[in-house]
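Q: got a sequence here, can you build the structure:
(one chain, ligands or ions: 1)
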Amino acid sequence: MKRIDNDLLSIQEARILVENAREAQKSLAAFPQEKLDKIVECMAAEVVKNARDLAVMSQEETGFGRWQDKLIKNIFASDYLFKKLKTMKVVGIVAEDKINKTMDIGVPLGVIVALPPATNPVSTTIYKALIAIKSGNAIVFSPHPKAKRTIGKALEVLIRAAEGNGLPSGAIGYLQTITAQGTAEMMKHNDTALILVTGVPKMLEAAHKAGKPVIYGGPGNGPAFIERSADIKQAVKDIISSRTFDHGIISASEQSIVVEECIADEVRRELRNHGACFLSEGESQELSKLFLRSDGTINSEIVGRSAGEIAAKIGMQVPEETKVLISEQKYVSDDNPYSKEKLCPVLAFYVEKDWLNACEKCIELLLNEGQGHTLVIHSQNEHVIREFALKKPVSRVLVNTPATLGGIGATTNLFPALTLGCGAAGGASTSDNVSPMNLINIRKVGYGVRTLEDITKISPPGSEVRSKDDGQFVVQRSGESSQDLKNLLVELLEELRTR
Ligand SMILES: CC(=O)SCCNC(=O)CCNC(=O)[C@H](O)C(C)(C)COP(=O)(O)OP(=O)(O)OC[C@H]1O[C@@H](n2cnc3c(N)ncnc32)[C@H](O)[C@@H]1OP(=O)(O)O
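A: Here you go, the predicted model:
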């Protein structure tokens, strides 16, 4: 009975939220970029002041990750992101070509429904709110139930700062009674323009069923390839710091290391020097039983936990300084959890004869899971790097950098994002690091620069009209098809004249 009441309440709340957001967005749509930027600046500034409390609260509520790293992510998603956003023109006239007489106008989409994950609840919420308001959209959240207090608190901070600086009331909102039915109602509401899902694979089907455009940041399974020319010390340092960041819950993080045989021992030695513990075959077997639940989904008991906590779950004691657990593997398969996303500081270790075999292994891993996401290569050989980049089924190839921070754009110049598109290969609508540019439509404006007469006049019988790169038309003598084109243009012109 209570459940039914909750569902009804949630559905009602969802409708009101989306409808209020739609009303608010009507006035927001008329805001110039400068006014939107001022609001975004105030949101970012206010959230920075609360970044530490929110990080601590997030770890306490979900049990996932380290608050110290969450603090870094919260500042990245507010202060750092704002610095990037303030240079961008997203709404109004965003591009103008005076020579060719065309113009692009950025038009907000309307109401965005956003689902943040329990793994990065605060940073993803801040990021989504900032990019939505920057692009003149309203945004309503359905918080992950496991992080609902923290996401609610983050949103209260953002809403207070935004509304205090001119954001129409209702333009940012969130569901307080969270049920699957209420979330589905928000997603399929007539006034919803787009659904922005990060993590939360269980809600993806409902999102697609809503019949709206969906942007999804899905699971990763990125390998880190260490090629023989790499700076091995630096590569290992990058991999360990990346894999341990927030206890390994960012989807861009390295899930396995692939090395060339000739440097394998040196890499192993360096990994041990940096706090890696290589598991025996028996320990690997025991641990592998913990990764997945019986329904094949990731067991949240090991997600975002430290290496020591994970080892303890199989009765294994590791030295206090242990940062990652490594399992030597040969094969990739759907039922080998080491060859899939693990969301904790555990890495698989593969040794391959040469870089071409390593290339194949990386592809195999990505086809097993995480297709369209991210991969990292450590190498000084530009030829190998380029070959590697050309052939991998990923949307991001990172070079000589920690994948966690490189993928989200902290140690690279990729757009700072906490939703990483996985492209068509990953069943997603974009391969971008999702930015405000993914939350607008571009209205194309084209001035008339030639008439149909101009085109037909320059096209004598037996010639072909072609367009050049600079947009000008040229006439080339050729075969019969050019006559057909000429006839078609003349007919079209006649038809227009007689209308
Ligand atoms: C840049 C980045 O790194 S972003 C991507 C981060 N990656 C991820 O988050 C990885 C994907 N996530 C997962 O695999 C899981 O969420 C885990 C393993 C992290 C956690 O799993 P769990 O603790 O079991 O939580 P899970 O996400 O499955 O959600 C629990 C329940 O809440 C439901 N739920 C989640 N969000 C919502 C929502 N907005 N509204 C209603 N219900 C929701 C789920 O459907 C699920 O329902 P069920 O119990 O009926 O199956």
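Q: contacts only, for the closest residue to the ligand within the chain.
A: Using CB to the nearest ligand atom, G199 is the residue of the chain that sits closest to the ligand, at 2.5 Å. Using the backbone N, CA and C atoms, a C-beta is placed for each residue, glycine as well. For G199, the contacting residues are 116-120, 124, 144, 217, 251, taking CB atoms under 8 Å, 6 or more residues apart in numbering as the criterion.
Q: which residues of this protein lie near the ligand?
A: Of all the residues in the chain, those in contact range of the ligand (CB under 6 Å from any ligand atom) are 115, 117-120, 142, 144-146, 178, 180, 183, 198-203, 217, 219, 250-251, 298, 300, 303, 343, 418, 420.
Q: show me the residues you listed that map onto helices.
A: If you go by DSSP state H, the residues of the chain next to the ligand have 180, 183 in helices.
Q: show me how to select, in ChimeraX, the buried members of the residues of the chain next to the ligand.
A: Selection command for ChimeraX covering only the buried members of those, criterion 16 or more other CB atoms under 10 Å:
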select :115,117,118,119,120,142,144,146,178,183,198,199,200,203,217,219,250,251,298,300,303,343,418,420
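Q: returning to what we had before: what's the lowest-pLDDT member of the contacts of G199?
A: The pLDDT minimum for the contacts of G199 sits at G217, where the score is 92.
Q: bridging residues for it?
A: In this entry, G217 is beta-bridged to T198, by DSSP bridges.
Q: need the contact list for it.
A: For G217, counting by CB under 8 Å, 6+ apart, the contacting residues are 197-199, 251, 418-422, 428, 434.
Q: ok so, going back, got the confidence number for the residue of the chain closest to the ligand?
A: The predicted structure scores G199 at 89 on the pLDDT scale.
Q: quick check: it vs D5, distance?
A: When distances are taken as CB to CB, to the nearest Å, G199 and D5 turn out to be 29 Å apart.
Q: grab the longest helix from this protein for me.
A: When secondary structure is assigned using DSSP H, the longest helix within the chain turns out to be helix 2-28.
Q: tell me the buried residues in the helix or strand containing L155?
A: Taking DSSP states H and E as the definition, one finds L155 inside helix 148-163. Neighbour-count burial for helix 148-163 flags 148, 150-155, 157-159, 161-163 (criterion: 16+ other CB under 10 Å).
Q: out of those residues, who's nearest L493?
A: The closest of those to L493 turns out to be A162 (CB to CB; 53.6 Å).
Q: quick one: residues contacting the closest one.
A: By CB under 8 Å, 6+ apart, the neighbours of A162 are 39, 42-43, 129, 133, 171-172.
Q: top of these by neighbour count?
A: If you count neighbours using other CB atoms under 10 Å, the busiest of the contacts of A162 is A129, which has 31 neighbours.
Q: quick one: contacts of stretch 298-315?
A: For stretch 298-315, the external contacting residues (CB under 8 Å, 6+ apart) are 62-66, 119, 244, 246-249, 277, 283, 286-287, 290-293, 317-318, 320, 322-325, 341-346.
Q: swap in stretch 261-272?
A: Outside of stretch 261-272, the residues within contact range by CB under 8 Å, 6+ apart are 226, 228, 230, 232-233, 235-236, 239-240, 257, 259, 278, 324, 326, 349, 351-354.
Q: run the last query once more with 6 Å
A: 226, 228, 232, 236, 259, 351, 353 (CB atoms under 6 Å, 6 or more residues apart in numbering).
Q: ditto for stretch 342-349
A: When contacts are defined by CB under 6 Å, 6+ apart, stretch 342-349 is touched by residues 243-244, 247-249, 255-257, 298, 302-303, 305, 307, 310, 324-329, 338.
Q: mind doing that once more with 7 Å?
A: By CB atoms under 7 Å, 6 or more residues apart in numbering, the residues outside stretch 342-349 that reach it are 243-244, 247-249, 254-257, 291, 298, 302-307, 310, 323-329, 338-339.
Q: repeat for stretch 227-238
A: The list of residues contacting stretch 227-238 from outside it, by CB under 7 Å, 6+ apart, reads 226, 260, 262-263, 266-267, 270-271, 274, 355, 377-381, 384, 401-402.
Q: now, these that are in strands?
A: Filtering those for membership in strands, criterion DSSP state E, returns 226, 260, 377-378.
Q: tell me the pLDDT of G479.
A: With respect to pLDDT, G479 scores 50.
Q: err, V475, not the other one
A: The predicted structure scores V475 at 50 on the pLDDT scale.
Q: swap in the one 10 residues further on?
A: pLDDT recorded at L485 is 64.
Q: also the one 10 residues further on?
A: If you check E495, the pLDDT there is 77.
Q: what about it, distance to I455?
A: E495 sits 15 Å away from I455, taking CB to CB as the criterion.
Q: settle it for me: which of those two has more neighbours?
A: It is I455, of E495 and I455, that has more neighbours when counted by other CB under 10 Å, with 18 against 9.
Q: so that one is in which element?
A: helix 452-457.
Q: same thing with L196?
A: Taking DSSP H and E as the definition, L196 sits inside strand 192-198.
Q: whichever helix or strand comes after that strand: which residues count as buried?
A: Read in the C-terminal direction, the helix or strand following strand 192-198 is helix 204-209, with elements assigned using DSSP H and E. Within helix 204-209, the residues scored as buried using 16+ other CB under 10 Å are 204, 206-207.
Q: same question, stretch 294-305
A: 298-300, 302-305.
Q: pLDDT for those residues - can I get that in CSV?
A: Listed next are the buried residues of stretch 294-305 as CSV, based on pLDDT from 0 to 100:
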residue, pLDDT
I298, 88
N299, 92
S300, 92
I302, 95
V303, 96
G304, 97
R305, 97
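Q: distance to M187 added to those, as CSV?
A: Conversion of the buried residues of stretch 294-305 to CSV gives the following (distance: CB to CB, whole Å):
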residue, distance to M187
I298, 23
N299, 27
S300, 23
I302, 30
V303, 25
G304, 27
R305, 31
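Q: export the strand holding L196 as CSV, just CAs?
A: Extracted C-alpha coordinates of strand 192-198, given in CSV (Å, rounded to 0.1, in the frame of the first residue of the first chain):
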residue,chain,number,x,y,z
THR,A,192,10.9,16.8,-21.7
ALA,A,193,13.4,17.5,-24.6
LEU,A,194,16.4,15.3,-23.7
ILE,A,195,17.5,12.7,-21.2
LEU,A,196,21.0,12.8,-19.8
VAL,A,197,22.0,9.6,-18.1
THR,A,198,25.4,8.9,-16.5
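Q: could you check the angle helix 2-28 makes with it?
A: Comparing the axes of strand 192-198 and helix 2-28 via axes from the mean of the first three to the mean of the last three CA atoms, to 10 degrees yields an angle of 120 degrees.
Q: between the longest helix of the chain and helix 148-163, how many degrees?
A: Counting by the same axes, to 10 degrees, helix 2-28 lies at 20 degrees to helix 148-163.
Q: list the buried residues in the helix or strand hosting D37.
A: D37 belongs to helix 33-49 when elements are defined using DSSP H and E. Applying a neighbour-count criterion of 16+ other CB under 10 Å, the buried positions in helix 33-49 are 33, 36-37, 39-44, 46-48.
Q: just the helices in the stretch 301-450 of the chain please.
A: Listed from the start of the chain, the stretch 301-450 of the chain has helices (DSSP state H, counting those that start in this stretch) covering 307-313, 355-368, 382-391, 403-407.
Q: pLDDT-wise, which helix or strand of this protein ranks last?
A: When the helices and strands of the chain are compared on mean pLDDT, DSSP states H and E, strand 473-477 comes out lowest with a mean of 52.
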